[in-house]
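Trainee: after the sequence you'll find the predicted model.
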Amino acid sequence: MKQQDVTGRRLWLLGAAWLVLAAVTVAWGLNHEDDDLTDRSVQALQAAGFDNVSVAVDGRDVSLRGADAGEAVEIVAGLSGVRVVDIDTAAAVAAPPATEASDDTAPASTAVAETAETTPTTTPTETTTPPTASQIGADTPYLTASLRNGNLTVLGRVAEGEAAAGLAAITDLIYAPFLDNQLVVDESLAASPWAPGIANAVAVLPIIGTADLEIVGDKLTLSGITGSAEKKAQLEGTLDQIFGGAMQIESAVEVTGKEPPVYEAVAADGAVTLQGVMPDQASIDLIAGAAAQAYGAEQVDNQMIIDDGVEATFSVYRIPLTFLLLQPVPEWEVIIRNDVISGGLRGGATFAFGSSDLTPALEGLCNIAAGILTRNPTVTMTIEGHTDSVGDATFNQQLSVDRAEAGKAFIVGLGVDPARLTAVGFGESEPFADNSTEAGRAQNRRLEFVMGAGS
């Protein structure tokens, strides 16, 4: 893809579609682990001294048997490819108290288990075993949210149905399909002053990537893992703003000093090249497997490498969603650095000649824009309108403004604050393709979307 086609500041909106979190499967890249999961589980248990614990594997779900099975859960849960670890209570006479909590943190929807590289042995117990309903008390409202490898598990009960509905909507927007929401509405419970803030609180957990949030009474407990003190402070400050300083916030977030991943994918002529630095082989396999599913394994050039100084951020587990979304586009590029996405694409939705009416395809792109803005409240967006070179330049300038305004109006109609949107027309001054052909002129009749603070 030529340099003029992709600029560092400009993101053609479909290139950001990984943020949409569409409901597609993530089984790619993991099937190869199924066959040897039993052997790896047994080896890990024996290395840790659990010789009396037996293993049964069903796909990526592991069942442990033996008197010490409860203590061995975390050993197996840390293996790459494990989805669920449970205790076979028929074979275990007495499971330790931690067993029930561990079951609660391993929902069937979990896509990828935490690896040893991303879960240091010094991680506090709270990051893997949030309390169960019975441990808190049957009449006490509470909320726990656990974010692991892009998978979110929510447990709890509240009296406020509106707050629960808001949480369901925002978690579906951000985390689906990697989501297990078990929040229950019980109107017999006492009202909780923190309930209105739970949707926003859970929405910002990806700031640190691996996180556990617990709210009981007037106390909020936060734990997890992040690469930088800045991200830790950002999440803590955001939670304090959400709850207005009225709650006691205790934070045990561990700062590892690791760097965020670097990623670049370029697609052209039916093939895709992957480059970047990832935290582990499981992440690389997940991404490369998704690319192979969309393009065919022979069409994927995987040049990604591992660096144990890189953290597993939320974005790593969203990258696989891009390939099937972008596969119909002839040429595209997606770049992620410092968890900021940029890139571009060639082809896609265009305006009819001389028209500023949004086509269904353009409305689809505007829907994506609204989703990005909804999930990223600090982001502003400039909507740029463009035309081909046919006709009077003055007419084309106004037409480009009308096109940008049409895009803005559509996004505002979806509930986005208009103050976060700026519409600008560039007329025929910035062609994306060759205006001497009809196909090129069609590509130039377009909208572009520039994201960033104060863009």
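Mentor: Perfect, I can see it now.
Trainee: buried residues in the one helix or strand residue 402 maps to, which are they?
Mentor: In this assignment (DSSP states H and E), residue 402 forms part of helix 393-413. Neighbour-count burial for helix 393-413 flags 396-397, 399-408, 410-412 (criterion: 16 or more other CB atoms under 10 Å). Placement of C-beta: from N, CA and C, glycine included.
Trainee: biggest separation within these, which pair?
Mentor: Comparing all pairs in the buried residues of helix 393-413 by CB to CB, the longest separation belongs to 396 and 412, at 24.6 Å.
Trainee: OK, contacts around the residue of the chain positioned farthest from its centre?
Mentor: Computed with CA atoms, centre = their mean, the maximum C-alpha offset from the centroid of the chain is found at residue 392, amounting to 44.8 Å. Neighbouring residues of residue 392 by CB atoms under 8 Å, 6 or more residues apart in numbering: there are none.
Trainee: what do you get for residue 255?
Mentor: So residue 255 contacts 226, 227, 228, 229, 232 (CB under 8 Å, 6+ apart).
Trainee: please, where are all the helices along the stretch 151-300 of the chain?
Mentor: Per DSSP state H, counting those that start in this stretch, the stretch 151-300 of the chain carries helices over the ranges 161-175, 198-203, 229-242, 281-295.
Trainee: nearest to residue 214, out of the ones you listed?
Mentor: The closest of the helices of the stretch 151-300 of the chain to residue 214 is helix 198-203. By CB to CB, the value is 10.9 Å.
Trainee: what does the closest one contact?
Mentor: Counting by CB under 8 Å, 6+ apart, 143, 145, 152, 154, 158, 163, 166-167, 169-171, 174, 213, 215, 239, 242-243, 375 sit against helix 198-203.
Trainee: rerun at 7 Å
Mentor: Outside helix 198-203, the residues within contact range by CB atoms under 7 Å, 6 or more residues apart in numbering are 143, 145, 154, 163, 166, 167, 170, 171, 174, 213, 239, 242.
Trainee: next one: stretch 403-412
Mentor: Taking CB under 7 Å, 6+ apart as the rule, stretch 403-412 contacts 351, 356, 358, 363, 366, 369-370, 383-385, 418, 421, 423-425, 447.
Trainee: list the contacts of residue 277.
Mentor: By CB under 7 Å, 6+ apart, the residues touching residue 277 are 261, 262, 305, 307, 310.
Trainee: excluding covalently adjacent residues, which one is nearest to the last one?
Mentor: What sits nearest to residue 310 in space, not counting adjacent residues and going by CB to CB, 6 or more residues apart in numbering, is residue 279, at 4.6 Å.
Trainee: what of residue 217?
Mentor: Excluding the flanking residues, the one nearest residue 217 by CB to CB, 6+ apart is residue 140, at 7.5 Å.
Trainee: cool, residue 390 as well?
Mentor: Take residue 390 and drop its neighbours on the chain: the residue closest to it by CB to CB, 6+ apart is residue 441, 6.6 Å away.
Trainee: any idea how far that neighbour lies from residue 435?
Mentor: According to CB to CB, to the nearest Å, residue 441 and residue 435 sit 5 Å apart.
Trainee: what's the answer for residue 70, then?
Mentor: As defined by CB to CB, residue 70 lies at a distance of 69 Å from residue 435.
Trainee: show me which of these two is the more surrounded one.
Mentor: residue 70 (22 against 16; other CB atoms under 10 Å).
Trainee: show me what the host helix or strand of the more buried one is packed up against.
Mentor: Remark: residue 70 resides in helix 69-77, with elements defined by DSSP H and E. Helices and strands touching helix 69-77, as assessed by 3 or more CB pairs under 7 Å, 6 or more residues apart in numbering; DSSP states H and E, comprise helix 37-47, strand 61-65, strand 84-87, helix 98-104.
Trainee: from residue 317, how far out is the residue nearest to residue 182 when sequence neighbours are not counted?
Mentor: Spatial nearest neighbour of residue 182, chain neighbours left out: residue 155 (5.1 Å); criterion: CB to CB, 6+ apart. Distance of residue 155 to residue 317, computed by CB to CB: 21 Å.
Trainee: can you check residue 140 too?
Mentor: Separation of residue 140 from residue 317 (CB to CB): 32 Å.
Trainee: ok, residue 391 next?
Mentor: Applying CB to CB to residue 391 and residue 317 gives a distance of 47 Å.
Trainee: can you count the residues close to the residue nearest to residue 310?
Mentor: For residue 279, the neighbour count with other CB under 10 Å is 24.
Trainee: renumber starting at 8 from here on
Mentor: Will do, 8 is the new start, and the previous item becomes residue 286.
Trainee: phi, psi of it?
Mentor: When read as degrees, to the nearest 10, the backbone of residue 286 gives phi -80, psi -20.
Trainee: burial measure for residue 364, as a count.
Mentor: Around residue 364 there are 10 residues (other CB under 10 Å).
Trainee: what does residue 49 give?
Mentor: Counted with other CB under 10 Å, residue 49 comes out at 17.
Trainee: what of residue 223?
Mentor: Neighbour number of residue 223 under other CB under 10 Å is 18.
Trainee: need the worst-confidence member of the contacts of stretch 410-419.
Mentor: Among the contacts of stretch 410-419, residue 376 carries the lowest pLDDT, at 73.
Trainee: show me what whatever helix or strand it lives in packs onto, helices and strands only.
Mentor: In this assignment (DSSP H and E), residue 376 forms part of helix 367-382. With contacts defined as 3+ CB pairs under 7 Å, 6+ apart, the packing partners of helix 367-382 are helix 168-182, helix 400-420, strand 454-459.
Trainee: got these as a markdown table, with distance to residue 331 columns?
Mentor: Shown next, in a markdown table, are the helices and strands packed on helix 367-382 (distance: least, CB to CB, whole Å):
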| stretch | distance to residue 331 |
| --- | --- |
| helix 168-182 | 18 |
| helix 400-420 | 24 |
| strand 454-459 | 21 |
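Trainee: nearest to residue 291, out of those?
Mentor: Proximity to residue 291 (CB to CB) singles out helix 168-182 among the helices and strands packed on helix 367-382, at 22.3 Å.
Trainee: surely residue 369 and residue 356 touch.
Mentor: Yes - using CB atoms under 7 Å as the test, residue 369 is close enough to residue 356 to be in contact (4.5 Å).
Trainee: shared neighbours, the two?
Mentor: The contact sets of residue 369 and residue 356 do not overlap (CB under 7 Å, 6+ apart).
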